[in-house]
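Visitor: Sequence plus predicted model, see below.
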Amino acid sequence: MGAILKGLVGKGGIPKNIRKAFQEAKKVGGRRPLLADLMAMLVTAIAALPRVFICVDALDECLPNYLPMILQSLADIVRESPGTRIFLTGRPHVAGAIQKTFTKAITIPITPNEDDISNYVVMRLGRDDVPEAMDDNLRAEIMRIVLEKMSNVYVSVSPLSRMNSY
């Protein structure tokens, strides 16, 4: 939530109440603001804008213990700030958690193009600083494993008009 807040206020003038909250948090042992404080600051920062798009990429890389809290925080932001839209990406294993929080979210599966992935891996292997460390068998094994392991990516969009109330 701190990164989202920084993205919202980092380029413009930081609202006085947000600046003050961070200064107060520093007085308490130099800690960062708590989640509740960050959420209040986010709602304040978003309220000053006509429309906000929050994009969270690679949600599947979030620690599983934090995923429900992050999703609920995003849902709270949308509920408090009707002009906010959420755009999330992640691998299939997080799709259920997203649908549970945003029941009317639109989910779009994206399947990687095997030729594009193959061309990219070949290009990266060609840039190897120590090309003599890799023989043709290792190169072929890397290609096989990468192509075998590539999986779908899911994109979820939560337009307000399609969301249930929370």
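Guide: Okay, I see it. Residues are numbered from 1 along each chain as shown.
Visitor: Show me the chain divided up by domain.
Guide: 1-49, 51-109+153-166, 113-150 (automatic domain parsing).
Visitor: okay, those in a markdown table with mean pLDDT and mean neighbour count next?
Guide: C-beta: built from backbone N, CA, C; applies to glycine. A markdown table is the format used below for the domains of the chain (pLDDT from 0 to 100; neighbours: other Cβ atoms under 10 Å):
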| stretch | mean pLDDT | mean neighbour count |
| --- | --- | --- |
| domain 1-49 | 80 | 14 |
| domain 51-109+153-166 | 82 | 15 |
| domain 113-150 | 87 | 11 |
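Visitor: distance of the most centrally placed residue in the chain from Ala21?
Guide: Closest to where the C-alpha atoms of the chain average out (Cα atoms, centre = their mean) is Val56, at 2.1 Å. Separation of Val56 from Ala21 (Cβ to Cβ, to the nearest Å): 23 Å.
Visitor: again, but for Met39
Guide: Applying Cβ to Cβ to Met39 and Ala21 gives a distance of 11 Å.
Visitor: In terms of helices and strands, where is Gly96?
Guide: helix 95-101 (DSSP states H and E).
Visitor: Beyond that helix, next helix or strand please.
Guide: Following helix 95-101 toward the C-terminus (DSSP H and E): strand 106-110.
Visitor: ok, that next one: who's next to it in the sheet?
Guide: Using DSSP bridges, strand 106-110 pairs in its sheet with strand 153-158 (antiparallel).
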